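**Student:** Turn this into a model:
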Amino acid sequence: MSTFAFETDGFGDTSRTSGGLKFPFMMVGEACLIKPEPPAPAPFIGKIKEIWRTGSDDEAIELVLSWYYRPEEAVGGRKEFHGAKELFISDHLDRCNVAAVIGKCRVLPLKKYESLAAILENDFFVRFTYKPAKKEFEPDRVPVYCVCELPYSPDKDMIMCDICQEWFHPECIGLPKSFPIQADTSFHCDECKKKGIPGIANKKQAV
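**Tutor:** Next up, the predicted model:
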């Protein structure tokens, strides 16, 4: 299989709190929206690594965050295969006062994100780790699909050839918008048709 040069889910690391302190409406390991400074069109997003009380008043709480990057914020910018709700988990740590927190959000591994019954406004997914200081991605190569040879995008429909089991974007191979993209749809790609390989029905009968 071809690869694109360029999964971690960003969870499962060991975090801690100071003296067992927990933020009133969030906990270590959760993701949150942060008010950008200076103002920006979209909030920053961080994963809470640590929570510290720095004084006696309600806002004397400091968070240690690992930042999530949007594709357009990383080296190389946003690519065609990046999902609209895609983020990169990073090793960029920062400190933030609790007053900058706008609210909660969910950042899930791609498979969990795709299994959601409903995707809400503040639901996001990750499949790459980004190291901004080194301008590196992990993994740096991922499989590519279709005649366009791009990595998978959860925002684009794909259909699998019954014979070669390769995946294709309907628009890349000239299928009409009315073509049904369903689990039981039978489809043979042009290459398999040219080779004259027997249809999937005949293959099943021969087994």
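**Student:** tell me the helices in the chain, going along the chain?
**Tutor:** Using DSSP state H, the helices of the chain run over 110-114, 190-195, 200-206.
**Student:** so who does the spatially closest residue to C105 that is not a sequence neighbour touch?
**Tutor:** Setting aside the residues directly before and after it, C105 is nearest to N122 in space (C-beta to C-beta, 6 or more residues apart in numbering), at 3.8 Å. For every residue, glycine as well, the C-beta is placed using N, CA and C. Neighbouring residues of N122 by C-beta atoms under 8 Å, 6 or more residues apart in numbering: 33, 103-106.
**Student:** same question, L110
**Tutor:** So L110 contacts 7, 125-127, 154 (C-beta under 8 Å, 6+ apart).
**Student:** now M160
**Tutor:** 166-168, 187.
**Student:** ok, so of the residues you listed, who is nearest T54?
**Tutor:** W167 (51.3 Å; C-beta to C-beta).
**Student:** give me the beta-bridge partners of that closest one?
**Tutor:** M160 (DSSP bridges).
**Student:** circling back: got a ChimeraX select line for the buried ones in the contacts of L110?
**Tutor:** Those of the contacts of L110 that count as buried under 16 or more other C-beta atoms under 10 Å are selected in ChimeraX with:
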select :125,126,127,154
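**Student:** quick check, nearest of the contacts of L110 to R95?
**Tutor:** Nearest member of these to R95, counting by C-beta to C-beta, is V126, at 22.0 Å.
**Student:** Which strand residues bridge that closest one?
**Tutor:** Applying DSSP bridges, one finds that V126 bridges with L87, P109.
**Student:** heads up, I number from 54, so please use that
**Tutor:** From this message on, residue numbering opens at 54, which makes the last subject V179.
**Student:** From what I see, it and K138 are in contact.
**Tutor:** No - the pair V179 / K138 is not scored as a contact, 10.0 Å apart, by C-beta atoms under 8 Å.
**Student:** quick one: contacts for the residue lying closest to Y122 once chain neighbours are set aside?
**Tutor:** Distances taken as C-beta to C-beta, 6+ apart place F141 nearest to Y122, at 4.5 Å, with adjacent residues excluded. Contact analysis of F141 by C-beta under 8 Å, 6+ apart lists 121-124, 127, 179, 181-183, 190.
**Student:** Nearest to C201 among those residues?
**Tutor:** Closest to C201 out of the contacts of F141 is P124 (17.8 Å), distances taken as C-beta to C-beta.
**Student:** State the distance from the closest one to V179.
**Tutor:** 11 Å (C-beta to C-beta, to the nearest Å).
**Student:** list the residues that contact both of those two?
**Tutor:** 139, 141.
**Student:** could you pull out the strands for the protein?
**Tutor:** For the chain, applying DSSP state E gives strands covering 56-58, 69-70, 84-87, 97-106, 114-122, 139-150, 154-162, 176-184, 189-191, 194-196, 212-213, 220-221.
**Student:** Same list (the ones you listed) but as a markdown table, adding mean pLDDT and distance to Q235.
**Tutor:** As requested, those are exported to a markdown table (pLDDT from 0 to 100; distance: least, C-beta to C-beta, whole Å):
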| stretch | mean pLDDT | distance to Q235 |
| --- | --- | --- |
| strand 56-58 | 39 | 27 |
| strand 69-70 | 38 | 48 |
| strand 84-87 | 95 | 34 |
| strand 97-106 | 93 | 34 |
| strand 114-122 | 95 | 34 |
| strand 139-150 | 96 | 25 |
| strand 154-162 | 94 | 25 |
| strand 176-184 | 97 | 23 |
| strand 189-191 | 95 | 34 |
| strand 194-196 | 90 | 23 |
| strand 212-213 | 91 | 9 |
| strand 220-221 | 94 | 15 |
